[in-house]
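Trainee: coordinates for the following, if possible.
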Amino acid sequence: MNVVKDISQIFPKYLFWDVDPKNLDIQDDKDFIIPRALMASTAETFAKDIQPLEELYSRSQIVRELQKTKERISNEVCRLVAHRYHVKQFLRYQ
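Mentor: Numbering: from 1, shown residues only. Next up is the predicted model:
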């Protein structure tokens, strides 16, 4: 995992419309960054969308943050993450 200071160079600006991404800390704000990075992901874009996260975080960190987030992550994205990392499927919405 690489040390990165400014995530605005990694993720699209529209994902962080309500904050200045330059003020986010990669470790302290992972509970915010991880779900936001996948919020707009679809089955077609998932592989491309998850790659920057995998350069910053471990698989277990990504799964853990998605399982506990209150952000609007689709069940489809949850299924894709579970399948990619070979973990038990989890859903945000029942």
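Trainee: rest of the way, CA atoms for contacts and neighbours
Mentor: Noted.
Trainee: may I have the phi/psi pair for the residue most central in space within the chain?
Mentor: Residue closest to the mean C-alpha point of the chain, counted by Cα atoms, centre = their mean, is Ile34 at 2.8 Å. In terms of degrees, to the nearest 10, the main-chain angles of Ile34 are phi -60, psi -50.
Trainee: just the pLDDT for it.
Mentor: Per-residue confidence at Ile34 stands at 97 (pLDDT).
Trainee: cool, and Phe46?
Mentor: So, for Phe46, pLDDT stands at 98.
Trainee: what's the answer for Asn2, then?
Mentor: 50.
Trainee: equivalent analysis for Gln9, please.
Mentor: Looking at Gln9, its pLDDT stands at 88.
Trainee: run a quick neighbour tally on it.
Mentor: 11 (other Cα atoms under 10 Å).
Trainee: related to what we said a few turns ago, would you check that the residue nearest to the centre of the chain makes contact with Leu53?
Mentor: Yes: if you go by Cα atoms under 8 Å, Ile34 and Leu53 touch, sitting 6.9 Å apart.
Trainee: intersection of neighbour lists for the two?
Mentor: Residues within reach of Ile34 and of Leu53 at once, by Cα atoms under 8 Å, 6 or more residues apart in numbering, are Ile62.
Trainee: if we can go back for a sec, ok, now which ones touch the residue nearest to the centre of the chain?
Mentor: Residues near Ile34 by Cα under 8 Å, 6+ apart: Leu53, Ile62, Glu65, Leu66.
Trainee: inside helices: which ones of those?
Mentor: Judged by DSSP state H, helices contain the following of those: Leu53, Ile62, Glu65, Leu66.
Trainee: just the C-alphas of the one helix or strand Asp49 maps to, formatted as PDB.
Mentor: If you go by DSSP states H and E, Asp49 is part of helix 46-56. The C-alpha coordinates for helix 46-56 follow below in PDB (Å, rounded to 0.1, in the frame of the first residue of the first chain):
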ATOM      1  CA  PHE A  46     -16.600  -2.100 -10.500                       C
ATOM      2  CA  ALA A  47     -13.200  -3.600 -11.500                       C
ATOM      3  CA  LYS A  48     -12.000  -0.100 -12.500                       C
ATOM      4  CA  ASP A  49     -13.500   1.500  -9.400                       C
ATOM      5  CA  ILE A  50     -12.100  -0.900  -6.800                       C
ATOM      6  CA  GLN A  51      -8.500  -0.800  -8.100                       C
ATOM      7  CA  PRO A  52      -7.600   2.600  -6.500                       C
ATOM      8  CA  LEU A  53      -9.000   1.300  -3.200                       C
ATOM      9  CA  GLU A  54      -6.900  -1.800  -3.400                       C
ATOM     10  CA  GLU A  55      -3.800   0.300  -3.700                       C
ATOM     11  CA  LEU A  56      -4.600   2.100  -0.500                       C
END
